[in-house]
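Trainee: Need the 3D shape of this:
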Amino acid sequence: MRLKESQLAEVRVPLIHRSDGQIWADALDITEVLQSGPARIDGPARVSTMRGEYKQIFFRVSASGEVNCKPANIQVSQEKTVQVIVEDVSYRSQH
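Mentor: Got it, this is the predicted structure:
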């Protein structure tokens, strides 16, 4: 049985401040900085965040460590944080 574990990774990326007060970051920037540090995500996994009621998957890591990410707008909270969900998808690659 796997236990849910919460972790914190602090990364610095350029932010886009819109005139309506919303803050955004590019998925490529988040992925590059996250994957270059000690909190990098080992694969196979998929990484997402919630954007309203929708899950926004913004990058995947293969079993061999290859990262698949495209430019995407990621909404940042007013506290300048993004909560991400890392899902182990190793069970999918075994079938």
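
Trainee: my guess is Ala63 meets Tyr91, correct?
Mentor: No. Ala63 is beyond contact range of Tyr91, at 11.6 Å (criterion: C-beta atoms under 8 Å). All C-beta atoms are positioned from the backbone trio N, CA, C, and that covers glycine.

Trainee: Tell me which of the two has more neighbours.
Mentor: It is Ala63, of Ala63 and Tyr91, that has more neighbours when counted by other C-beta atoms under 10 Å, with 13 against 8.

Trainee: For Asp88, see how far away the nearest residue to that one once chain neighbours are set aside is.
Mentor: Nearest in space to Ala63, with sequence neighbours left out and distances taken as C-beta to C-beta, 6 or more residues apart in numbering, is Pro44 at 4.5 Å. Distance from Pro44 to Asp88, counting by C-beta to C-beta, to the nearest Å: 7 Å.

Trainee: Which one's more surrounded, those two?
Mentor: The neighbour count for Pro44 versus Asp88, taken as other C-beta under 10 Å, is higher for Pro44 (20 against 12).

Trainee: Can you get me a residue count around Ser62?
Mentor: 13.

Trainee: same question, Thr31
Mentor: 25.

Trainee: element containing it?
Mentor: helix 27-35 (DSSP states H and E).

Trainee: low-confidence ranges in the chain?
Mentor: For the chain, the stretches flagged by pLDDT under 70 are 1-3, 92-95.

Trainee: can you give me the strands in it?
Mentor: 16-17, 23-26, 45-51, 54-61, 67-69, 73-76, 84-88 (DSSP state E).

Trainee: Same list, those strands, but as JSON lines with distance to Ser6 please.
Mentor: Converted to JSON lines, the strands of the chain look like this (distance: least, C-beta to C-beta, whole Å):
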{"stretch": "strand 16-17", "distance to Ser6": "27"}
{"stretch": "strand 23-26", "distance to Ser6": "21"}
{"stretch": "strand 45-51", "distance to Ser6": "14"}
{"stretch": "strand 54-61", "distance to Ser6": "18"}
{"stretch": "strand 67-69", "distance to Ser6": "23"}
{"stretch": "strand 73-76", "distance to Ser6": "19"}
{"stretch": "strand 84-88", "distance to Ser6": "11"}
